[in-house]
Structures are given as structure tokens and as C-alpha cells.
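Asker: coords please:
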Amino acid sequence: MSANQIRVPGVVAGHPTSGDDGPGRHGDGRPRAGVLLVVVTVLVALLAGLTGCRGGGSAHPSGGSAHPPGGSPHPSGVEAPAAPDLPTPTGPYAARVPGFPDAPTPKPVTVPAGPEAGWYSHIPTTQPVAFLTIDDGWVKKPEARQLLLDAHVPVTLFLTIDAVEGDPDYFRHLPANVVIEAHTLTHQVLRGKPYATQRREICGSADRLAQWYGRRPVLFRPPGGSKDATTLRATRDCGMKAAFFWKETVDKGKVRYQDGPGVHAGDIILMHFRERFVDDFIAALTAIHAAGLTPALLGDYVR
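Answerer: Below is the predicted model of the structure:
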């Protein structure tokens, strides 16, 4: 066979081969030139196909595969960033805790100068925040502490010394967004009491809380919200900036409003360490969330 004669077993340009001269051969048995060209073309095509199949897919101009593992790339060539997540509550009560965005950078009010501490039931702010405050500390249920640890929201505790002194460790090692402030030594009503009595209750509670928790309170709530000018003067003399009332109260899982339905920006919400702490805490947060507000730390809003 000459160098120009190529045989492909079984097929030549789509026709069966045999010992007889077919339409693809000269009378002397030599393949026609056109047939050789077709055969060579077919071989080249087959080799190219085999080479492409080794990569398992179509080739990318850069030499890699056309689509990287895991799916098609972002149209810009860069993977789209994931949407930021809101802080997610964790722990056994997580499913009941609403998710909130971070509170905005505080724009605090300035307490008026003078011999008396400021007095607020509402912080005059247009920022979309509300303030959850919890009083006393008599009932110390493990689930209440767990909820404070898990909820990831700022909370202000106004603790009474008589209520806490039996187990001060219960209020230790809480997250930084749970801040302890003062609520008297014995939870007695201060209004109408002599200055010396009021000062002893207020200063004494701040001093004890500083000994237990390493920070002296700068805010005060009188028991029952009952106060007079003497109360505010003693509060200032004890080194505290302001004293507080409230706009909403929570008990047995129900929120009660003083100024019509709904929590408003700057409102202070009152609840207590009671048997149904979890229900009250969730009810307060749900009301804040429904109003389109975010919990914020009360002390951040008093200059």
C-alpha cells in the first residue's frame, strides 16, 4: 500500500467497505483523492472530540471550565455578597424573641443644671428607640437570667438591695448591654420622707451595688415612681444624673399603655422580676417591634 492510501475499517465516507470496487475507488482499487480528504477530515474531527471530552465539559477561553463548581458566576464576575443578618437570639426562648437591628448612635438629652436630678418618663428623641427597664429583683428564676443572656437587647435593671442581697451572684456576669442602676435599699416609698432618709436609701443602694458589681449607678428609679423635690435633690447629691418614671407597664404577659395604644419613640417601659418574667419580657419586646422601634440603653440617652 502506498503512503497515500489509508483504509478505515468498516466505513469510508459513510459507505461499507468490501473486497469489491465501490463508488469510492478507482477501477484499480486505489481510493479516490476526494475520499481521502473526507477520511482525514473525519479523523481530525474525532480526535478533537475526544480531546474535549477529557475535560468533562466545554472549555473556557482562559483554559478552565466554562462554569466553576457550584454554579454560574455572578454577572459581574464576582460573587454577590450575602445580605447582612440581624442579631439572632439564641437559647431555649430564641423562637419567641423578635429580631431587631442595632440601635442607632445615641443622641442623648442634656439633663438640666441645678440642685435636682432630671426626671423622665419618656426620653424626648426622634430616634426609633424605646427603653426596656426591669425593677426590684425579688424573683430570681433561671429562665429569666437565661433570657437576659440570650436575647441580645439592651436592658436597664433598677435593683433593690433587700431583693438582691440574698443572692447577688444571680446578677453577675450578665452581658455588657444589661446595666444595673439603683432602686433604694428597702423599697420604701420616698415621697414625703425627710431628706436624710431619702439620701440614705438612694446613696446606700448605689454604694452597695458598686461593691457587688464594680460600677456605681448613675441612674435612679424611686419605688412606685413616687417622688418629690427632696427625692430629686437627694438623687443629685448621691452623684446620679436622673430619675425615671415610665410610659408602659408589663405584667402577666400584657402591656398596658398610659398614652394610648402603641409604644412611641423614646418611651420607657417598666416590668419586674416576677413569676411570669419570660411572658412579660417577650410581650415588651413584641410591642417595641410592632411599633417599628429598637431597644436601646437608657443610660446612653442621658448626658
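Asker: C-alpha from now on. contacts and neighbour counts both.
Answerer: Noted.
Asker: Sketch out the low-pLDDT regions of this structure for me.
Answerer: 1-91 (pLDDT under 70).
Asker: hmm, try it at 50
Answerer: 1-86 (pLDDT under 50).
Asker: which secondary structure elements does the biggest strand by length in the chain contact?
Answerer: Assignment by DSSP state E gives strand 129-136 as the longest strand of the chain. Here strand 129-136 touches strand 155-159, strand 268-272, strand 294-295, going by 3 or more C-alpha pairs under 8 Å, 6 or more residues apart in numbering; DSSP states H and E.
Asker: and the angle for it with strand 268-272?
Answerer: Angle, strand 129-136 to strand 268-272, by axes from the mean of the first three to the mean of the last three C-alpha atoms, to 10 degrees: 30 degrees.
Asker: What strands line up against strand 129-136, and which way round?
Answerer: Looking at strand 129-136 with DSSP bridges, its partner strands are strand 155-159 (parallel), strand 268-272 (parallel), strand 294-295 (parallel).
Asker: Go ahead and name everything in contact with it.
Answerer: 103, 154-160, 163-164, 183, 263-273, 284, 288, 293-298 (C-alpha atoms under 8 Å, 6 or more residues apart in numbering).
Asker: Tell me which of the strands paired with strand 129-136 sits nearest to residue 214.
Answerer: Proximity to residue 214 (C-alpha to C-alpha) singles out strand 155-159 among these, at 14.5 Å.
Asker: If we go by neighbour counts, what in that closest one is buried?
Answerer: For strand 155-159, burial by neighbour count (16 or more other C-alpha atoms under 10 Å) applies to 155, 156, 157, 158, 159.
Asker: which residues make contact with it from outside it?
Answerer: Residues outside strand 155-159 that contact it (C-alpha under 8 Å, 6+ apart): 131-137, 177-184, 220-221, 295-298.
Asker: Render the CA-only coordinates of it in PDB, please.
Answerer: Presented in PDB, the C-alpha positions along strand 155-159 are these (Å, rounded to 0.1, in the frame of the first residue of the first chain):
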ATOM      1  CA  VAL A 155     -31.900  46.400  79.200                       C
ATOM      2  CA  THR A 156     -31.600  48.600  82.300                       C
ATOM      3  CA  LEU A 157     -32.100  46.900  85.700                       C
ATOM      4  CA  PHE A 158     -33.200  49.000  88.700                       C
ATOM      5  CA  LEU A 159     -32.300  46.700  91.600                       C
END
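Asker: Checking residue 119 next. Helix, strand or coil?
Answerer: Here residue 119 takes the strand state, with states given by DSSP: H, G, I helix; E, B strand; the rest coil.
Asker: can you tell me which residues contact the nearest residue to it once chain neighbours are set aside?
Answerer: For residue 119, ignoring the flanking residues on the chain, the nearest one in space by C-alpha to C-alpha, 6 or more residues apart in numbering is residue 243 at 5.0 Å. Contacts for residue 243 (C-alpha under 8 Å, 6+ apart) come out as 117, 118, 119, 120, 219, 220, 221, 222, 232, 235.
Asker: Which stretches in the stretch 151-300 of the chain count as strands?
Answerer: Per DSSP state E, counting those that start in this stretch, the stretch 151-300 of the chain carries strands over the ranges 155-159, 178-182, 219-220, 242-244, 248-251, 254-257, 268-272, 294-295.
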